[in-house]
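Trainee: heads up, no residue letters with this:
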């Protein structure tokens, strides 16, 4: 049970626990945006969080409505930068989109990073249409696209870097 | 012994082996640019390369003159991008600077990435004066600064992203 648990209406956001691996995996599988490579990557990061904890450990938030996992976020500090935090992943179940779950997860991640001394948060994302709802979410939360790396993910698929002072 | 070893004049560049950990560590310690956090990070990445090899494993090149290590480079593919390679680290011993060691290491890293199907190479670096020689090296090798993330490393210390098609 997370002390800093946030419950709004019937949405509960709390830190993920090791036992939430199945919920995170299920959310990734059900998500229409991420493929098998992303699913493996998230699972590896989730497991590493508990098997090999580090000073710059990954932080995980999970959103529930009743007993249904609706989304998760993974964020953490950049070890070689001063108080710069990354949002690595954010994922919302298809049926729960447009209801503020992503906004609540990202706002909560920002708030927790700020409490830990976070100065900046950055988000690396793709330029393709599939990521347009994610980019709109970042902009609604006050993030600015400050940099673009052309053709980073593939030819025609650029890396956008979103940025916000905490 | 590396089959694709490159020897120019008396400079030899070859893939690093596990036993080269001491040489890489010594180069990092003697380097006036990197601090203890960077030294730890490089050592962890070097050890992981052999203890937990992955499909997107780190690649290491080391430059020797006679029995003296003069520099190393660490590069590898980005697992979530198509044929995009990162140069993670490049380090040249203080007494060997300005003699083409960095240029030879970077050129060799590019060539090997290209042989593995590499399409792009990117380099993340800092905007501070200490990194000016590194930025000049990247530019001499044909890299372009395509993006800047303000205050990324610290207030006033920006992240520059250098980029080259392979």
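Mentor: Yes, it's here. All of these numbers come straight from a predicted model, not from anything done at the bench.
Trainee: Distance check, residue A:142 against residue A:121.
Mentor: Using Cβ to Cβ, to the nearest Å, residue A:142 is found at 10 Å from residue A:121. (Each C-beta comes from the backbone N, C-alpha and C, glycine too.)
Trainee: Buried residues in the one helix or strand residue A:112 maps to, which are they?
Mentor: Per DSSP states H and E: residue A:112 is located in helix A:101-115. Using 16 or more other Cβ atoms under 10 Å in any protein chain shown as the test for burial, helix A:101-115 gives A:101-102, A:104-110, A:112-113.
Trainee: list the contacts for the one residue in chain A that gets nearest to chain B?
Mentor: Shortest chain A-to-chain B distance, computed as Cβ to the nearest Cβ: residue-wise this is residue A:147, at 3.5 Å. Residue A:147 makes contact with A:160-161, A:163, B:147-149, B:161 under the criterion Cβ atoms under 8 Å, 6 or more residues apart in numbering or on different chains.
Trainee: From these, list the buried ones, please.
Mentor: A:160-161, A:163, B:147, B:149, B:161.
Trainee: Quick check: the farthest pair among the residues you listed?
Mentor: Spatially, the most separated pair among the buried ones among the contacts of residue A:147 is A:163 and B:161, at 13.0 Å (Cβ to Cβ).
Trainee: Now do the shared contacts for these two.
Mentor: Common neighbours of residue A:163 and residue B:161 (Cβ under 8 Å, 6+ apart) are A:147, B:149.
Trainee: coming back round to it: which strand residues bridge the residue of chain A closest to chain B?
Mentor: residue A:161 (DSSP bridges).
Trainee: And it, how far from residue B:85?
Mentor: For residue A:147 relative to residue B:85 (Cβ to Cβ), the value is 19 Å.
Trainee: Then residue A:138?
Mentor: 27 Å.
Trainee: circling back: neighbour count for residue A:142 and residue A:121, which is higher?
Mentor: residue A:121 (24 against 14; other Cβ atoms under 10 Å in any protein chain shown).
Trainee: Help me confirm that residue A:71 is found in a strand?
Mentor: Yes - the assignment for residue A:71 by DSSP: H, G, I helix; E, B strand; the rest coil puts it in a strand.
Trainee: Skipping its backbone neighbours, what lies nearest it in space?
Mentor: Excluding the flanking residues, the one nearest residue A:71 by Cβ to Cβ, 6 or more residues apart in numbering or on different chains is residue A:92, at 3.9 Å.
Trainee: and residue A:58, how many neighbours?
Mentor: 20.
Trainee: In this structure it contacts residue A:86, no?
Mentor: No - counting by Cβ atoms under 8 Å, residue A:58 sits too far from residue A:86 to count as a contact (9.4 Å).
Trainee: How about the residues of chain A by chain B?
Mentor: Within chain A, the positions lying close to chain B (Cβ under 8 Å from any Cβ of the partner chain) are A:37-38, A:41, A:79-82, A:84, A:119-120, A:122, A:146-155, A:159, A:161, A:163.
Trainee: Out of those, name the ones that lie in strands.
Mentor: Within these, residues falling in strands by DSSP state E are A:84, A:120, A:122, A:146-154, A:159, A:161, A:163.
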